[in-house]
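1. Model the following, please.
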Amino acid sequence: MNTFLLEIVTPDRLVYSKQVNSLTVRGVEGELGILPGHIPLVTPLQVAPLSIKADGVTISIAVHGGFVEVHKDKVTVLAESAELPKDIDVERAEAARERAQRRLQSLSKQDDIDHRRAELALQRAVTRIKVSTGKGQQ
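-> Coordinates of the predicted model:
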């Protein structure tokens with residue numbers, strides 16, 4: 001078998017469910033490529049695009065944290081949120097990126113919580129922009 005079932009799930013909905021040839025995600029330890037028959041594992045994910053190859057086509061999905069769970073013939077991505085390219089408002093993502101960059105420049109180092117929030121907002125915005133423009137494919 002040269003495919004496995006990939007499901008991407010958020011607290012709100014099932015975002016994606018399809019037989020795929022491969023998946024590339026960015027875990028906390030770095031990039032991880034998953035092919036059929038991969039050893040079972042669970043690992044946390046970074047805020048980053050994931051790349052799916054299925055039926056000769058590669059697509060990217062913006063994933064904002066969560067976990068990937070790999071089984072023999074099924075992979076589940078449990079994401080805090082996930083967005084398909086067609087669902088991303090690029091203008092809104094650009095505006096969010098600019099706001100986050102301004103906040104990062106104006107915050108003092110003593111304000112660690114706001115600094116971390118701004119960093120995460122910037123990562124989410126950049127991920128959305130990469131996926132919506134097709135630059136999220138690895």
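2. ok, now which ones touch residue 60?
-> Counting by Cβ atoms under 8 Å, 6 or more residues apart in numbering, residue 60 touches 49-52, 85, 130-131, 134, 136-137. All C-beta spots, glycine's among them, are computed from the backbone N, C-alpha and C.
3. Can you select the buried ones among the residues you listed for me in PyMOL?
-> A single PyMOL command is used to select the members of the contacts of residue 60 judged buried by 16 or more other Cβ atoms under 10 Å:
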select buried, resi 49+50+51+52+85+130+131+136
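4. which one of the contacts of residue 60 is nearest residue 79?
-> Of all these, residue 79 sits closest to residue 50, with 8.9 Å by Cβ to Cβ.
5. Would you confirm that the closest one contacts residue 24?
-> Yes. Using Cβ atoms under 8 Å, residue 50 makes contact with residue 24 at a distance of 6.5 Å.
6. Inside strands: which ones of the contacts of residue 60?
-> Secondary structure assignment by DSSP state E places 49-52 of the contacts of residue 60 in strands.
7. so which of these comes closest to residue 73?
-> residue 52 (16.2 Å).
8. Quick check: pLDDT value at that closest one.
-> We have a pLDDT of 96 for residue 52.
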